[in-house]
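[1] Next come a sequence and a model predicted from it.
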Amino acid sequence: MRHSVHFNTSGMLQALINNVEIPAHSLQYDEWVYRKYNPDLEVCTFQLIIDYDEFERRLRPRYLALIEEMVADDLATNENFFLDAYQHASYPLFEEVITNADNNYLMDFLNHFFIRDMLLEYTGREKAPHGRPEWVIREVMRVRNDKKNVYINGNVQPVIHL
């Protein structure tokens, strides 16, 4: 049986580990261990399913501010970071990165510059059962949407509590 976690606003959030629903606050994002796997622990898949309108309302302004800052840096240094790094002349639109990020330059861009904002907005915001998160996000591998929901997929590993 699936349960939905409702925000105080009209948005909805679901979190799944290996297709089994869990409380989203049981997931933790930690930039110090992101993309660093513990070889002694099981790797599981995760998916966050977020209401599209809610996601856009919360994250579009931050993304636009990021792009504005990067363009200003480009102008100040007389360089084009995105062209140099990704061989594309202009920074991707918000819609592009939440539609087409799937093991490509858009996913790489998100992982380097915006994944922290996305994950901290929707994970670990409340205390997990017993006050500790149960899963640490190791990597996001895909972001897509169907105009109803945004889907964030990747890998997690269990948190070891000492």
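    Good, I have the coordinates.
[2] which residues in the protein form strands?
    Secondary structure of the chain by DSSP state E: the strands cover 5-6, 12-17, 20-22, 27-28, 44-51, 101-102, 135-145, 149-158.
[3] per-residue confidence averaged over the first one?
    Here strand 5-6 scores 37 as its mean pLDDT.
[4] Use 36 as the first number for this chain going forward.
    Okay, using 36 as the starting number, the last item reads as strand 40-41.
[5] rewinding a little: so which of the strands of the chain gets nearest R151?
    Proximity to R151 (CB to CB) singles out strand 170-180 among the strands of the chain, at 10.5 Å. In this view, the C-beta of every residue, glycine as well, is placed from N, C-alpha and C.
[6] counting residues per helix, which one in this protein is longest?
    With secondary structure taken from DSSP state H, the chain has its longest helix at helix 87-112.
[7] And that helix, what does it pack against?
    With contacts taken as 3 or more CB pairs under 8 Å, 6 or more residues apart in numbering; DSSP states H and E, helix 87-112 sits against helix 116-121, helix 129-132, helix 150-157, strand 184-193.
[8] want to try TSV for these, with distance to L62 and mean neighbour count as columns?
    As requested, the helices and strands packed on helix 87-112 are arranged in TSV below (distance: least, CB to CB, whole Å; neighbours: other CB atoms under 10 Å):
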stretch	distance to L62	mean neighbour count
helix 116-121	29	14
helix 129-132	21	15
helix 150-157	8	19
strand 184-193	7	20
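[9] re the thing from before, got the strands of the chain as CSV, with distance to P127 columns?
    Converted to CSV, the strands of the chain look like this (distance: least, CB to CB, whole Å):
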stretch, distance to P127
strand 40-41, 29
strand 47-52, 24
strand 55-57, 31
strand 62-63, 26
strand 79-86, 19
strand 136-137, 9
strand 170-180, 12
strand 184-193, 15
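[10] right, so of these, which gets closest to A111?
    The nearest among the strands of the chain, by CB to CB, is strand 136-137 at 27.4 Å.
[11] Could you check how far the closest one is from the centre of its chain?
    Relative to its chain's centre, strand 136-137 lies at 11 Å (CA atoms, centre = their mean, to the nearest Å).
[12] partners of that strand in the sheet?
    For strand 136-137, the paired strands and their directions (DSSP bridges) are strand 170-180 (antiparallel).
[13] which parts of the strand it pairs with are buried?
    170-175, 178, 180 (16 or more other CB atoms under 10 Å).
[14] Distance from the chain centre to that strand, please.
    Centroid separation between strand 170-180 and its chain, computed with CA atoms, centre = their mean, is 6 Å.
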